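J.: sequence unknown, structure follows:
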């Protein structure tokens, strides 16, 4: 934002706030709780998939 834009904002009573964005893999979240919940779900899903693949390999050996 340049000085001209800041001056215009001040004259017009426009404010600006910074919003945090949380990233997990290729996903973006505005709320930390959403990012945490999805990361937990995704991690659990990956663990279950890995355990299933291990069981299949063991069964076929």
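T.: Structure received. Remember, predicted model here, so these are calculated numbers, not experimental data. Numbering: from 1, shown residues only.
J.: all helices of the chain, in order?
T.: Applying DSSP state H to the chain gives helices spanning 3-12, 32-60.
J.: got any ranges where this structure has weak pLDDT?
T.: Low-confidence segments of the chain (pLDDT under 70): none present.
J.: Quick check: residue 38 vs residue 13, distance?
T.: 38 Å (CB to CB, to the nearest Å). Where C-beta positions appear, they are placed from N, C-alpha and C, glycine not excepted.
J.: With neighbour numbers in mind, choose between the two.
T.: Neighbour totals were compared for residue 38 and residue 13, and residue 38 leads with 15 against 6 (other CB atoms under 10 Å).
J.: List the contacts of the residue nearest to residue 22 when sequence neighbours are not counted.
T.: Of all residues not flanking residue 22 in the chain, residue 35 sits nearest, at 3.9 Å (CB to CB, 6 or more residues apart in numbering). Residue 35 makes contact with 22-24, 27, 29 under the criterion CB atoms under 8 Å, 6 or more residues apart in numbering.
J.: Separate out the buried members of those residues.
T.: Those of the contacts of residue 35 that meet the buried threshold are 22, 29, by 16 or more other CB atoms under 10 Å.
J.: Inside strands: which ones of the contacts of residue 35?
T.: 22-24, 27, 29 (DSSP state E).
J.: farthest pair in these?
T.: Farthest apart among the ones in strands among the contacts of residue 35 by CB to CB are 22 and 27. That separation is 8.9 Å.
J.: re earlier: make TSV from the helices of the chain and add distance to residue 18 to it.
T.: Converted to TSV, the helices of the chain look like this (distance: least, CB to CB, whole Å):
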stretch	distance to residue 18
helix 3-12	14
helix 32-60	15
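J.: now residue 56: how far from residue 45?
T.: Residue 56 is 17 Å from residue 45, where distance means CB to CB.
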